[in-house]
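Student: Build me a model from this:
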Amino acid sequence: MEQATQVTIAEAVKQVGAALAEAAKEYGPDAVDLALMAYRVDAAQQLVLGTLMAALVLAVVKAYLLFWAWSGKQIEVVGPVNDEGYFVGRLAFGLAGAGAVVLLSASAIYRLLDLSAWAASFGYPELRIAMKALQAAGLM
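Tutor: Below you'll find the model as predicted:
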């Protein structure tokens, strides 16, 4: 099994190398540089998107805390007998906020922990190309 995997990995790497060599023949050496730059940009985009999602998590949590404080003051004004609307609002906003926080957090963590994106963004786009080829071959 391990030898078969090594053969398949070697074939996937060979295919990537052949594709880059063919692109260099057909479009010139700038095509390879452009392809590497495209992978760097894709990786940087993943990291920026992950950072944006992490910032949105903080914004949702802050908005919920502000809403909680505001609705608590409103409950004090109207009294505990007439607070059903505020309770429903707190519950609905809490559930929606929790769902958003869970989804955004999971996506941010997934994107920010992608080591190939970090490596490609800061100098090794070849690693990201190899990982994408292995994923396409079903080996990752």
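Student: List the contacts of the closest residue to residue 111 other than its chain neighbours.
Tutor: Nearest residue to residue 111, sequence neighbours excluded (CB to CB, 6 or more residues apart in numbering): residue 50, at 3.1 Å. From N, CA and C alone the C-beta is placed, and that goes for glycine too. By CB atoms under 8 Å, 6 or more residues apart in numbering, the residues touching residue 50 are 107, 108, 109, 110, 111, 112, 114.
Student: so can I have CSV of those showing neighbour count?
Tutor: Shown next, in CSV, are the contacts of residue 50 (neighbours: other CB atoms under 10 Å):
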residue, neighbour count
107, 17
108, 19
109, 14
110, 12
111, 19
112, 16
114, 18
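Student: Quick one: mean pLDDT for the helix or strand harbouring the residue nearest to residue 111?
Tutor: Secondary structure from DSSP states H and E places residue 50 in helix 29-78. Here helix 29-78 scores 85 as its mean pLDDT.
Student: Filter the contacts of residue 50 down to just the ones in helices.
Tutor: 107, 108, 109, 110, 111, 112 (DSSP state H).
Student: and which of the residues you listed is nearest to residue 120?
Tutor: residue 111 (13.0 Å; CB to CB).
Student: do you know how far the closest one is from residue 47?
Tutor: Using CB to CB, to the nearest Å, we find residue 111 at a distance of 7 Å from residue 47.
Student: so what's in contact with the two at the same time?
Tutor: Here residue 111 and residue 47 have residue 117 as joint contacts, going by CB under 8 Å, 6+ apart.
Student: closest to residue 88 among the contacts of residue 50?
Tutor: Set against residue 88, the nearest of these by CB to CB is residue 107 (28.6 Å).
Student: Name the nearest residue to that closest one, sequence neighbours excluded.
Tutor: Using CB to CB, 6+ apart, the nearest residue to residue 107 is residue 53, at 5.2 Å.
Student: Near that neighbour, how many other residues are there?
Tutor: Counted by other CB atoms under 10 Å, the residues lying close to residue 53 total 19.
Student: who touches it in this structure?
Tutor: Here residue 53 is in contact with 104, 105, 107, 108, 111 (CB under 8 Å, 6+ apart).
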